[in-house]
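In: Here's a sequence, model it:
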Amino acid sequence: MRKLMETAALFIQSMRIYQWVKNIFIFAPLVFAWLDLKSLLLNHVKNSLLAFLLFSLVASSIYIFNDCFDKEKDRLHPEKKKRPIASGALSIKTAAPIAGIILMISLIAVFQFNRYFFYIAVGYIVLNILYSYFLKKIVILDVMIIAVGFVFRVEIGGVINNIKLSPWILIITFLLALFLGLVKRRQELIKINASGINGEPETRKTLKEYNISLLDQLISITTATTLISYIIYVTNPDIQQKFGTNVLYLTVPFVVFGIFRYLYLTYVKGKGENTAEIIFSDIPFTANGIIWVLVFILLIFSK
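Out: I've put the predicted structure just below:
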C-alpha cells in the first residue's frame, strides 16, 4: 500500500498540476457571455469549469508522455532532472499506461461534452506530437507553437459557450503567450549557460541557436505589439459598440503595469522561467490582474 501511495504521489507530481493555471485562458471568453447572455451566466461558468478540468487532464497526460519521450535529455537539465520520470523514481512502464488511460477517458468525455471542443483537443495533441518530434527543433517556430496552444485554449472557451470571439482577442492571446514563451527561453538559456560546460547549452539543441541579445530584441518587439494590439482592441469602434461603452481604454494602465512588472521580475529578480510561479508568488502582479478583470467588468456594467 505504501509503495502504491508513493507511486500515486509521483504520478500526480508528473501531472504538473501547477501548470493548470495556463488553462485559465479557457475562461477568457466568459466576459462576452456576461455581455450577450447574462441569464445564462451560471451555465457558462459550469461549461468553462468542466472544460478547464477536462483539458487540464488532457494536457497533464501530454506532459507525462513528453517526460517519457525526453527522459534522457531531461537528465542533463539542471531542473528537469529532478522530475520523477527523469530521475528514475517513476518508471515509464508505470507512467505511460496510466497517462494513456487518463487521456482516453478525458477525450471520450470531451467528445460527449462538445464536438468542437473535441476537435480542438485532438488538434492540440497532434500539435504537441509534432512539436515533440520535429517542430521544437526549429528556432522561433518552437516558441510560436507554444503560443498557438494558448489560442486553442481561448477557442475552447468560445466554442463550449457558443461565443463568437473577436480576431483581436486571438491575436492578443497569441502575442501575450509568445511574449511569455520568449521570456521563458531567455531564462532557460541563462540558467543552462551558467550550469553548462564552457557556457554551452547541454540540453535543448534549439537553445544553441538563440542568444540573449536576440531574445531581448524579440521580447521588446512582442511587448510593444501586445500593448499596441490591446490598445487597438479597446478603442476599436466595433468593440466599443459591442460592449456599449467607449471607456475601456481605462484598463490600459493595468495591462501596461502587468507586462512591465513581468519584465521587472524577469530582468531584475531573475524569474520568468516559470510563469505559474510568478502568478502565484508575486502579490502586486496577481492583484493587478484581478483588479484589471474587475475594472473591465465594471466598465461594461456601468454603461
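In: use CA for all of it now, contacts and neighbours both
Out: Will do.
In: Give me the below-cutoff pLDDT ranges for the stretch 1-150 of the chain.
Out: Low-confidence segments of the stretch 1-150 of the chain, defined by pLDDT under 70: 32-40.
In: show me where it has helices.
Out: Shown for the stretch 1-150 of the chain, the helices assigned by DSSP state H, counting those that start in this stretch span residues 2-14, 30-36, 41-69, 71-74, 84-87, 92-113, 115-133, 141-159.
In: how about the ones you listed in CSV, adding mean neighbour count and distance to residue 178?
Out: Supplementary listing: the helices of the stretch 1-150 of the chain in CSV, determined by neighbours: other Cα atoms under 10 Å; distance: least, Cα to Cα, whole Å:
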stretch, mean neighbour count, distance to residue 178
helix 2-14, 14, 25
helix 30-36, 18, 23
helix 41-69, 20, 19
helix 71-74, 18, 23
helix 84-87, 22, 27
helix 92-113, 16, 27
helix 115-133, 17, 15
helix 141-159, 21, 5
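In: closest one to residue 247 among these?
Out: Using Cα to Cα as the measure, helix 30-36 is the one of these that comes nearest residue 247, at 15.6 Å.
In: Out of the helices of the stretch 1-150 of the chain, which gets nearest to residue 289?
Out: Of all these, it is helix 30-36 that lies closest to residue 289, at 14.6 Å by Cα to Cα.
In: if we can go back for a sec, mind putting the helices of the stretch 1-150 of the chain in CSV, distance to residue 241 included?
Out: Putting the helices of the stretch 1-150 of the chain into CSV (distance: least, Cα to Cα, whole Å) gives the following:
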stretch, distance to residue 241
helix 2-14, 46
helix 30-36, 12
helix 41-69, 21
helix 71-74, 50
helix 84-87, 52
helix 92-113, 32
helix 115-133, 28
helix 141-159, 20
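In: Go through those and name the closest to residue 242.
Out: When the helices of the stretch 1-150 of the chain are compared by Cα to Cα, helix 30-36 sits nearest residue 242, at 8.5 Å.
In: so which of the helices of the stretch 1-150 of the chain gets nearest residue 273?
Out: Between residue 273 and these, the tightest spacing by Cα to Cα is seen for helix 141-159, at 13.3 Å.
In: angle of the closest one against helix 41-69?
Out: Relative orientation of helix 141-159 versus helix 41-69 (axes from the mean of the first three to the mean of the last three Cα atoms, to 10 degrees): 150 degrees.
In: Now do helix 141-159: which elements does it pack against?
Out: Helices and strands touching helix 141-159, as assessed by 3 or more Cα pairs under 8 Å, 6 or more residues apart in numbering; DSSP states H and E, comprise helix 41-69, helix 115-133, helix 167-195.
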